[in-house]
Each structure stands twice: as C-alpha cells, then as structure tokens.
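[1] Sequence plus predicted model, see below.
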Amino acid sequence: MSKKYLKKSMHAPDFLCEASEYNNSFSRGIKVGFGGIAILFISGTASINEKGITYCPDNFSGQVKRVYDNITALLQSEGADWNDVIKTRCYLKDMKYYKEFNDYRNGFYREKKLNPFPASVAIQATLCRPDLLIEIEATAILRNPKED
Amino acid sequence: MSKKYLKKSMHAPDFLCEASEYNNSFSRGIKVGFGGIAILFISGTASINEKGITYCPDNFSGQVKRVYDNITALLQSEGADWNDVIKTRCYLKDMKYYKEFNDYRNGFYREKKLNPFPASVAIQATLCRPDLLIEIEATAILRNPKED
Amino acid sequence: MSKKYLKKSMHAPDFLCEASEYNNSFSRGIKVGFGGIAILFISGTASINEKGITYCPDNFSGQVKRVYDNITALLQSEGADWNDVIKTRCYLKDMKYYKEFNDYRNGFYREKKLNPFPASVAIQATLCRPDLLIEIEATAILRNPKED
C-alpha cells in the first residue's frame, strides 16, 4: 500500500483572488490525493471577483451565476468539472431566493448533463459580508489524473 | 493500485421521492467507492414523505422520527446502517427544539447500540420550506460490501 | 488491496468532557483509517471546559481561544496538528464577531506556519447554548501514523 499523500491549495486567480489578499486565512480549496483518488474540498465560495470585491452586490441573479462560475474555475484548475462534484452545501441569505436559486441550478446542471446530481443541502444563513446573498461549498472526487 | 472508482446516487423511494420530482436538482445521497471502502454522502434530509410532501408539518416530534426513518432507509438501500455513520449535521428551525431533538437521538442511538457515536454538529437554521423544523445530513463509511 | 478499516472516537478529557456526560449522543471526533490514511472528523467544537461547562460565557475573545485550544487537543490526541487540517466550518453567533474571529485566526495560523491554509466556510448561526458565541468543525487528513 502506497503511503503517497498529496495536499495542495487550489487557485483560480482570473476569478477569485487569494483570501489572504484581504487578510483572511483560508484557501479557496484544498486538493488531497491518495490511492489514485483526488478529493477537492472547495471553500464556501461567494460572488466575489478577481480583486476580492463583491460582484453584483445585493443582486441575486448576478451573484448566483458568479458563484457557479467561480466554483467552475476552481474545479477546472485541477482538471475537474461539475460531473466530479458529489456534494454541495448552499447558504442563502434569505430563503426567499430559494426558487430562483433552484431554477438557476436546474438549468446549470441540466446544461452540463450531470448524472447523478450531487448530494446537497441548502439553508438560510447570514454571510460574512452584508451584500452577499449566496455562498456554496462543494466537494468533488475524481480519479487523480496526474500523480502530483 | 486499483484505479477503480464508483459513484452512484442513492434511492429510498418507499420513504422519499426523488427531488427531481419536485423540480429540484440533487440526489438523496451519493455513494462513492474506492480502495475497498464506500462513503455515503447523504443529503440534507427533512421530514418529507414518498410523494415529496412535508410529513407532520409544524410538528417536531413527528418530524424528528421521520427524518431518522428517511435516513435509515437511505442507509439500508446500500446495505449500511447507523453504525456506519461517522458524522451528522443537524439543522433545527428553532433551538427551542434542541432538548427534544437530543432526547429523541439519545433513545434512537442507544436502541441501535451505536458505539462510538458519530461526530456531529447542530445549529439553528431556517430550512427550505416554512413547515420544516429539522433537517439532517449524514456521512457514513463502510467496507464496500460489493465491488459495484 | 487491504480491506483494513478503522473507526474510533476521539477524546481530549483535559479540555472537553464527553458529550455523553451531559446527556448528549455524539463523539468529540471520529477517526477513520484506511489505505494508509487517517481522516479525523472533529465535531462542532465550542468553548466548553473539561466539565462540559461554557468557558467564558458571552465573551468572544475568551471563547475563540478556547475553541482553538479544544480542537488542538483533539488533534493532538491522535498525533495530528493544525497542519493536517484541510477544512473548517466556522459558526459565529453574530457576524459582528467576524473581524475579531479573523484576526485571531490569522495570528493563530501564522504562528503555526500553516501552508496551505485549510479550506473554510463561515456563517452566522445560533448555537445550542445561548451563551456560546462560536463553534468550529474541522476535518484533518494525515498519513496514519500507526496502523491501529
């Protein structure tokens, strides 16, 4: 049995700056690899831009799209895509956005032909900035494409 | 080192319909298997019935029982049981239900003779439907009984 | 491929009593081991002391330190440290504490020279006791130092 074990941070600088750039100590995501498998633990990802500024403040339809784009970029940085996502946790600032969130997700997942859909949970939660309306965590598992 | 890797959705149609039946894009649970181990990622599971309708709306004692029954059914669909659960996340609509939740869980776990108890967290959170009072996510790990 | 699989509860009695001592059915953490890897699933950990009593009730600066100390003790009980943590979930009773939380975490992680930082999410959430202001879940992955 190999003792090989990988841990590295994930980065998508064209979409999200490093959290450390605004004095915050977390990685956008962590990749761990062992036994030919890689697991991507993607941090709570909100609608921020490559400078760390809130994208579309107080605008749900703009924010939900940005959140999915940000996570997509993080997945792609490790050669993964939404078909590798096995779990999401979705935080909405107000449950009044739940239908719009669902409608967006339905379209996004069907466009990507996800099968099966990831497991998921969605709750209402106040987020770290008052102008953020949605934040999503995601976990993906993939065959480790490269033995880093 | 085997590159074998399994991902499939979980189903317990006698207890919970598919979320897609009410226009929602998530799986009730995802099973992943690798290296002789299977991990079950069970979605946030609330008190709903096999038609997707809230079971015991606004009735905590009815809902907490249904949530555990729903998760039990999902575990059983993959040959697992509560002894395989290593983590739960419990969301209560109001922390005033915490004692009743705890009393139910104490009895349920002791009846099943769980040892050790799963790791856990419990927070108050507004859920996706106004009449839902409790929702639980669970993660289980088991030796993969069948190499699917 | 070994079928070996370990599951055990984690304990740090000098810092936190067992939850069962106050009639609660969860483990402070669960360690699972397979394939030469151990994963530590640490429960939502609040500012409580070795007798299960809230430490520094309603005092954020005291509580945040205690939470990190409690988790450190749980990690150490399995020969792990913060460099092994790959994900945290942070619950603040009020987002007004976010800056103080961040400042503490920045200092704590930098003192421990964490690289990379764990993935993370932080939301506001009402916790199980009214005098608790912060609770953190953590997941760590390490090479299994001893084949238990």
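    Happy to help now that I have it. Numbers count the residues shown, from 1 in each chain, chains lettered A, B, ... in the order given.

[2] Would you mind listing the residues in contact with A:D94?
    Neighbouring residues of A:D94 by Cβ atoms under 8 Å, 6 or more residues apart in numbering or on different chains: A:Q124, A:L133. Every residue, glycine included, has its C-beta placed from N, CA and C.

[3] Tell me the spacing between A:E50 and B:A125.
    31 Å (Cβ to Cβ, to the nearest Å).

[4] Show me which of the two is the more surrounded one.
    With neighbours defined as other Cβ atoms under 10 Å in any protein chain shown, A:E50 and B:A125 compare such that B:A125 has more, 26 against 14.

[5] Surely the more buried one touches C:A125?
    Yes: the pair B:A125 and C:A125 qualifies as a contact (Cβ atoms under 8 Å) at a distance of 6.5 Å.

[6] Now for those two: what residues contact both?
    Shared contacts of B:A125 and C:A125, defined by Cβ under 8 Å, 6+ apart, are found at A:A125.

[7] Just list the residues touching the closest residue to chain C within chain A, thanks.
    Relative to chain C, the nearest point of chain A is A:G44 (3.0 Å; Cβ to the nearest Cβ). When the contact criterion is Cβ under 8 Å, 6+ apart, the partners of A:G44 are A:R89, A:Y91, A:E135, A:I136, A:E137, C:S120, C:V121, C:A122, C:I123.

[8] Near chain B, list only the ones from those residues.
    With Cβ under 8 Å from any Cβ of the partner chain as the criterion, no member of the contacts of A:G44 is in contact with chain B.

[9] Now render these as JSON lines, adding secondary structure and pLDDT.
    Formatted as JSON lines, the contacts of A:G44 follow (DSSP: H, G, I helix; E, B strand; the rest coil; pLDDT from 0 to 100):
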{"residue": "A:R89", "secondary structure": "strand", "pLDDT": "98"}
{"residue": "A:Y91", "secondary structure": "strand", "pLDDT": "98"}
{"residue": "A:E135", "secondary structure": "strand", "pLDDT": "98"}
{"residue": "A:I136", "secondary structure": "strand", "pLDDT": "98"}
{"residue": "A:E137", "secondary structure": "strand", "pLDDT": "98"}
{"residue": "C:S120", "secondary structure": "strand", "pLDDT": "98"}
{"residue": "C:V121", "secondary structure": "strand", "pLDDT": "98"}
{"residue": "C:A122", "secondary structure": "strand", "pLDDT": "98"}
{"residue": "C:I123", "secondary structure": "strand", "pLDDT": "98"}
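
[10] about what we covered before: for the residue of chain A closest to chain C, which non-adjacent residue is closest in space?
    C:V121 (3.0 Å; Cβ to Cβ, 6 or more residues apart in numbering or on different chains).

[11] Can you tell me which of the contacts of A:G44 is nearest C:N23?
    Distances from C:N23 to the contacts of A:G44, taken as Cβ to Cβ, are shortest for C:I123 (27.2 Å).

[12] I figured the residue nearest to A:G44 hits A:E137, correct?
    Yes: taking Cβ under 8 Å as the contact criterion, C:V121 and A:E137 are neighbours in contact, 5.2 Å apart.

[13] what do the two both touch?
    When contacts are counted by Cβ under 8 Å, 6+ apart, the set common to C:V121 and A:E137 consists of A:S43, A:G44, A:R89.

[14] Next, count neighbours for the first one.
    What that stands for is A:S43. Number of residues near A:S43 (other Cβ under 10 Å) recorded here: 29.

[15] and it, what element?
    Here A:S43 sits within strand A:37-46, counting by DSSP states H and E.

[16] Can you list the strands that that strand pairs with?
    Looking at strand A:37-46 with DSSP bridges, its partner strands are strand A:29-34 (antiparallel), strand A:134-143 (antiparallel).

[17] just the ones you listed: most buried one?
    Burial among these, expressed as mean neighbours by mean count of other Cβ atoms under 10 Å in any protein chain shown, is greatest for strand A:29-34, which shows a mean of 24.

[18] so after the strand holding A:S43, what's the next helix or strand?
    The first helix or strand that comes after strand A:37-46 along the chain, using DSSP H and E, is helix A:60-76.

[19] so how far is that next one from its chain's centroid?
    The chain centroid and the centroid of helix A:60-76 are separated by 7 Å, computed with Cα atoms, centre = their mean, to the nearest Å.

[20] Show me what that helix is packed against.
    strand A:37-46, helix A:98-111, strand A:134-143 (3 or more Cβ pairs under 8 Å, 6 or more residues apart in numbering or on different chains; DSSP states H and E).
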